[in-house]
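# Below is the sequence, then the predicted model.
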Amino acid sequence: MAIIKASSHRSTNKRVFEIITEADILDKRILDIGAGKGYMAQLLGKHVRDKGGHPAEVITACDLFPEYFAYEEIPCRKMDFANELPFADASFDIVYAVEVIEHLRNPYDFIQEIFRVVRPGGMAVITTPNILNLSSRFSYLLTGFFELFLPLSTDPVDARRQWGHIMPLSEYYLSHAMRTSGFRKTELSIDRIKRSSLFLYLLLMPAMKLSSFLYAARLKRKRPVIFQDNEEELKALNGWKLCCSRSVILVGRK
């Protein structure tokens with residue numbers, strides 16, 4: 001079988017694959033949302049086969065355009081993600097969506113649906129371009145557009161391409177959506193470091209650390225309850241992971 005080309009960055013897919021396969025998945029049910037051509041499904045399917053399992057018994061795939069799905073070992077179900085996922089409560093041990101949420105109009109509802117179909121003890125893995133790396137922050141300052149969030153196409157066919165990036169969601173709001181949906185904790189991971197952002201971070205780190213400290217101190221004084229709810233997230237906002245990485249990979253545990 002031919003190797004399927006990744007629609008999203010290989011480093012992002014590599015890290016998601018590592019997270020999913022940290023433990024044995026042969027007895028798991030996995031949902032691939034926005035499966036695209038099937039690059040990640042094929043990676044996981046090969047892993048399952050190498051362990052003696054059958055991909056179709058482990059992996060379920062769905063996409064807005066299933067006609068592009070090229071991994072022949074499992075079917076791909078058509079789904080528009082507009083309202084609800086057509087699966088029963090607690091149907092899957094692992095749900096992942098690689099570079100999907102930035103294409104959606106209803107990210108909070110989408111994450112709530114993911115939480116609903118994940119089993120207790122299961123996890124969700126969601127990735128999105130990191131609009132908080134310093135290169136992207138400077139792009140927004142100078143042009144009004146974050147990196148990887150370009151002027152938009154009105155052609156519905158472009159919904160699956162970069163021209164369909166309509167929702168620039170930062171790690172903070174992605175984590176907030178997961179936490180308020182019911183995930184008991186979230187874990188931030190990254191794919192690769194952008195050298196341009198790393199240079200800016202080394203240059204601006206003292207000023208950013210001071211600014212973060214002053215902002216947190218002011219919030220703690222004026223809104224202590226809000227500060228307590230967000231203390232860890234505030235520390236991450238100007239940390240090296242978010243300032244320097246290409247993508248956000250957030251893992252929610254149920």
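Everything's here; your move.
# Give the buried residues for the strand ranked longest in the chain.
In the chain, with assignment by DSSP state E, the single longest strand is strand 118-129. By neighbour count on 16 or more other CB atoms under 10 Å, the buried set for strand 118-129 is 118-119, 122-129. Every C-beta, even on glycine, is put in place using the N, C-alpha and C of the backbone.
# with those in mind, which one is nearest to Ile19?
Ranking these by separation from Ile19, with CB to CB as the measure, puts Val125 on top at 5.7 Å.
# and the closest residue to that closest one other than its chain neighbours, how many residues sit next to it?
The spatial neighbour of Val125 that comes closest, neighbours along the chain excluded (CB to CB, 6 or more residues apart in numbering), is Tyr96 at 4.1 Å. For Tyr96, the number of neighbouring residues by other CB atoms under 10 Å comes to 26.
# host element of Tyr96?
Counting by DSSP states H and E, the element that carries Tyr96 is strand 92-97.
# Which residues are in contact with the residue nearest to Val125?
When contacts are counted by CB atoms under 8 Å, 6 or more residues apart in numbering, Tyr96 is found next to 16, 20, 30-33, 40, 124-126.
# Ok, Ile101 next?
The neighbourhood of Ile101, defined by CB under 8 Å, 6+ apart, consists of 107, 110-111, 126, 128, 167, 169, 174.
# in the protein, which spans are strands?
Along the chain, the stretches classed as strands by DSSP E are 30-33, 59-63, 76-78, 92-97, 118-129, 185-190, 247-253.
# what does the third one contact?
What it means is strand 76-78. 35, 38, 60-66, 69, 86.
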